[in-house]
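1. Make a model of this:
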Amino acid sequence: MKTPVHLNALRAFEASARHQSFSAAAAELHVTPAAVGQLVRALEDWLGTPLFQRSSSGRARLVPTEAAERALPDIRAGFDRLGLGLERLKEDSTSGVLTVTISPAFAAKWLLPRIDRFQTEWPDLDVRLDTSQKPVDFVAQRIDIGVRYGLGSWPGLVAEKLMDEEVYPVCSPQWLREHKRLQKPQDLARETLIHDLTMDSHTGSPTWDSWLQKAGATGVATKRGMKINNSAAVLQAAIDGHGIALARSVMARDDLAAGRLVRLFPKVDFASPFAYYMVYRSEASTLPRLMAFRDWLLSEAERN
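-> Got it, this is the predicted structure:
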């Protein structure tokens with residue numbers, strides 16, 4: 001069992017057992033059903049025992065034997081280890097694929113407008129973005145590095161601060177022209193507020209209530225208004241003139257610079273307890289492709 005032919009036979013066997021079909025296994029492996037069947041039969045001949053109970057009718061035409069079922073977990077674990085081994089062989093390279101996990105909003109409002117500079121600097125690295133709000137398994141999903149928003153603690157990961165953040169109200173220039181009565185925070189009582197629910201479940205997350213308390217404004221109803229669970233969409237709602245958003249400074253920076261948004265009441269300083277952090281596995285911290293992206297992120301944060 002030391003030749004590539006036998007490895008192909010094991011792969012054909014594993015895929016056939018998972019799908020209970022030579023045809024489905026063939027589609028996954030990009031070969032013909034006849035080729036899969038031939039590989040499985042060759043493996044059975046070498047072992048001297050059948051691996052499947054075959055039926056010419058019914059939904060389950062290919063059912064692994066008891067012995068096959070017992071062997072499959074170890075075979076699948078072996079293929080997983082082979083995949084990790086191949087990844088190790090590529091780790092010292094600054095070419096190939098760099099997988100980055102980030103939130104959809106951070107991708108849209110901060111990373112994508114800047115990523116061309118990284119790709120110009122590192123043309124042999126292909127960036128793959130995994131945009132998700134949910135926790136990911138860095139090993140199973142082969143993530144190199146991520147950017148997360150929070151208090152700086154994620155189990156099993158190194159966290160390096162990338163950027164601090166402020167929180168402040170913003171609106172479109174047109175909205176401000178049409179609502180000239182906005183002279184002080186108290187005047188927000190008569191306006192439509194847009195709420196960012198992205199971090200709503202996290203204790204200490206900045207809210208309209210906490211910002212208004214810092215501003216010394218009372219009597220502003222904060223239970224009503226538009227509620228959105230995506231920070232980029234919150235800003236877009238404000239740009240489109242749907243009301244006043246409580247913006248996160250990192251997300252809003254480019255829109256403010258371009259004149260799409262206007263910051264209100266700039267004398268009120270409200271630092272968020274949350275910040276942006278680069279996160280990665282400690283054992284991967286010296287990988288050249290990871291270090292290249294980490295250093296680039298820091299340089300972009302300093303540029304801002």
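2. pLDDT of the helix of greatest length in the chain, averaged?
-> As far as residue count goes, and with DSSP state H defining each element, the longest helix of the chain is helix 66-90. What helix 66-90 shows for mean pLDDT is 81.
3. which outside residues touch that helix?
-> 10, 11, 13, 14, 17, 49, 51, 52, 64, 96, 142 (Cβ atoms under 8 Å, 6 or more residues apart in numbering). For every residue, glycine as well, the C-beta is placed using N, CA and C.
4. Spatially nearest residue to the fourth one (excluding sequence neighbours)?
-> Among residues not flanking residue 14 along the chain, residue 75 sits closest, at 5.5 Å (Cβ to Cβ, 6 or more residues apart in numbering).
5. Break the protein down into its domains, please.
-> Under automatic domain parsing, the residue ranges defining each domain of the chain are 4-90, 96-156+284-299, 167-263.
6. now the end-to-end length of the last one.
-> By that I understand domain 167-263. Length of domain 167-263, first residue to last, Cα to Cα, to the nearest Å: 10 Å.
7. Please apply the same query to the shortest one.
-> The first and final residues of domain 96-156+284-299 sit 22 Å from each other (Cα to Cα).
8. Relative to residue 123, how far out is residue 152?
-> Counting by Cβ to Cβ, to the nearest Å, the separation of residue 152 from residue 123 is 33 Å.
9. Low-confidence stretches in this structure?
-> Counting by pLDDT under 70, the chain shows low-confidence ranges at 1-5, 56-60, 84, 87-95.
10. Can you tell me the SS state at residue 126?
-> Using DSSP: H, G, I helix; E, B strand; the rest coil, the structure places residue 126 in strand.
11. Pretty sure it sits against residue 98.
-> Yes - using Cβ atoms under 8 Å, residue 126 is in contact with residue 98, at 7.0 Å.
12. Looking at these two, which is more packed in?
-> Neighbours per residue, other Cβ atoms under 10 Å: of residue 126 and residue 98, the larger number sits with residue 98, 21 against 12.
13. That one in helix, strand or coil?
-> Note that with three-state DSSP, the state of residue 98 is strand.
14. hang on, isn't it packed against residue 129?
-> No - taking contact to mean Cβ under 8 Å, the distance of 9.6 Å between residue 98 and residue 129 leaves them out of contact.
15. picking up where we left off before, how about the domains of the chain in CSV, adding distance to residue 278?
-> Conversion of those to CSV gives the following (distance: least, Cβ to Cβ, whole Å):
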stretch, distance to residue 278
domain 4-90, 20
domain 96-156+284-299, 6
domain 167-263, 14
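16. Quick one: closest of those to residue 273.
-> The stretch from the domains of the chain with the least distance to residue 273 (Cβ to Cβ) is domain 167-263; that distance is 4.9 Å.
17. Could you tell me how far that closest one lies from the centre of the chain?
-> 26 Å (Cα atoms, centre = their mean, to the nearest Å).
18. now swap in stretch 265-275 and tell me
-> Its chain's C-alpha centre lies 26 Å from the corresponding centre of stretch 265-275 when counted by Cα atoms, centre = their mean.
19. So which bits of it are buried?
-> When burial is assessed from 16 or more other Cβ atoms under 10 Å, stretch 265-275 yields the following buried residues: 265, 268, 270, 272, 274, 275.
20. returning to that earlier point: for residue 152 and residue 123, indicate the residue with more neighbours.
-> The residue with the greater number of neighbours, taking residue 152 and residue 123 and applying other Cβ under 10 Å, is residue 152; the counts read 13 against 9.
21. what helix or strand is the more buried one on?
-> Assigning secondary structure by DSSP states H and E places residue 152 outside every helix and strand.
22. For it, list the residues it contacts.
-> For residue 152, the set of contacting residues under the criterion of Cβ under 8 Å, 6+ apart consists of 159, 161, 275, 277.
23. How about residue 239?
-> With Cβ under 8 Å, 6+ apart as the criterion, the residues that contact residue 239 are 172, 255, 260, 261.
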